[in-house]
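Peer 1: quick one, what's the 3D model for this:
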Amino acid sequence: MMGRTLIINGSRFFVLIATQVFLLKNFGYYNLSVPYLYILFILLLPFGIPNFLLFFLAFITGLTVDIFYDTLGLNAIACTVMAFVRIVFISVTVQRDGFDNEPEPSPGIMGFRWFAFYSTILTLFHHLFLFSFEVFRFSELGFTLLRALLSSCFTVFLILITEFAFFHKKTR
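Peer 2: Numbers count the residues shown, from 1 in each chain. Below is the predicted model of the structure:
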């Protein structure tokens, strides 16, 4: 079981990073709406993953994207913050005993509404931190918030489309 999870998540990591770097890097709408589909890797990590491993994987995922985007750690910081928000969100919304029955946060397992809310909250935090650290001045606050909101909408749309296109529905 552990080997299968490792293969699935390893494959997911490489496919999402490659899609981000080679397909979505220059895809956007006038730098207002930029998709970051690679964060789906962090969103879909199993519930029972230890926190230190979650933070490590989030940091490495962001750092890998930073290497290709030449962004000096911005994605690494945003992904690490997203990992923290994920821990808080899951501890508030998912019962601790349910980890055995619900191995990963996917729409097929947790339901569409829960997954849509989960991915929206985490994506918003990721994008807010990413764009805030990128600009890093209050004079651009309105533009930064608009950019984070539009990019989050675009990213969540792609996440939901990807989930419905590639992953099968399991009964809860």
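
Peer 1: the longest helix along the chain - what's its average pLDDT?
Peer 2: Identified as the longest helix of the chain according to DSSP state H is helix 141-166. The pLDDT scores in helix 141-166 average 90.

Peer 1: can you check stretch 87-105 too?
Peer 2: Stretch 87-105 comes out at a mean pLDDT of 73.

Peer 1: and it, end to end?
Peer 2: Start and end residues of stretch 87-105 are separated by 12 Å (C-alpha to C-alpha, to the nearest Å).

Peer 1: the helices in the protein, which residues?
Peer 2: Under DSSP H, the chain gives helices at 2-19, 40-43, 51-69, 74-93, 107-110, 112-135, 141-166.

Peer 1: how about stretch 27-35 as PDB, C-alpha atoms only?
Peer 2: Below are the C-alpha coordinates for stretch 27-35, written out as PDB (Å, rounded to 0.1, in the frame of the first residue of the first chain):
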ATOM      1  CA  PHE A  27      -0.200  30.900 -20.200                       C
ATOM      2  CA  GLY A  28      -2.300  33.600 -18.600                       C
ATOM      3  CA  TYR A  29      -4.300  36.700 -19.200                       C
ATOM      4  CA  TYR A  30      -2.100  39.900 -19.300                       C
ATOM      5  CA  ASN A  31      -0.400  38.800 -16.000                       C
ATOM      6  CA  LEU A  32      -3.700  39.200 -14.200                       C
ATOM      7  CA  SER A  33      -4.800  35.600 -14.200                       C
ATOM      8  CA  VAL A  34      -2.000  33.100 -14.100                       C
ATOM      9  CA  PRO A  35      -2.700  29.400 -13.400                       C
END
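
Peer 1: now it: buried residues?
Peer 2: Ser33, Val34, Pro35 (16 or more other C-beta atoms under 10 Å). C-betas here are computed from N, CA, C, even on glycine.

Peer 1: and it, what's its mean pLDDT?
Peer 2: 77.

Peer 1: so what touches that stretch?
Peer 2: For stretch 27-35, contacts defined as C-beta atoms under 8 Å, 6 or more residues apart in numbering pick out Leu24, Leu146, Arg147, Leu150, Ser151, Cys153, Phe154, Thr155, Leu158.

Peer 1: and it, how far out from the chain middle?
Peer 2: 17 Å (C-alpha atoms, centre = their mean, to the nearest Å).

Peer 1: now swap in stretch 64-83 and tell me
Peer 2: Averaging C-alpha positions (C-alpha atoms, centre = their mean) puts stretch 64-83 12 Å from its chain's average.

Peer 1: then that stretch to PDB, C-alphas only?
Peer 2: Only the C-alpha atoms of stretch 64-83 are listed here, as PDB (Å, rounded to 0.1, in the frame of the first residue of the first chain):
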ATOM      1  CA  THR A  64      11.300  23.100  -8.100                       C
ATOM      2  CA  VAL A  65       8.900  25.600  -9.700                       C
ATOM      3  CA  ASP A  66      11.100  28.500  -8.600                       C
ATOM      4  CA  ILE A  67      14.100  26.900 -10.400                       C
ATOM      5  CA  PHE A  68      12.200  27.000 -13.700                       C
ATOM      6  CA  TYR A  69      10.500  30.300 -13.100                       C
ATOM      7  CA  ASP A  70      13.600  32.100 -11.700                       C
ATOM      8  CA  THR A  71      11.600  33.500  -8.800                       C
ATOM      9  CA  LEU A  72      14.100  33.200  -5.900                       C
ATOM     10  CA  GLY A  73      12.000  31.200  -3.500                       C
ATOM     11  CA  LEU A  74       8.600  32.900  -3.900                       C
ATOM     12  CA  ASN A  75       6.800  29.600  -4.800                       C
ATOM     13  CA  ALA A  76       8.600  27.800  -2.000                       C
ATOM     14  CA  ILE A  77       7.300  30.300   0.600                       C
ATOM     15  CA  ALA A  78       3.800  30.300  -0.800                       C
ATOM     16  CA  CYS A  79       3.700  26.400  -0.900                       C
ATOM     17  CA  THR A  80       5.000  26.200   2.700                       C
ATOM     18  CA  VAL A  81       2.300  28.700   3.900                       C
ATOM     19  CA  MET A  82      -0.200  26.600   1.900                       C
ATOM     20  CA  ALA A  83       0.900  23.500   3.700                       C
END
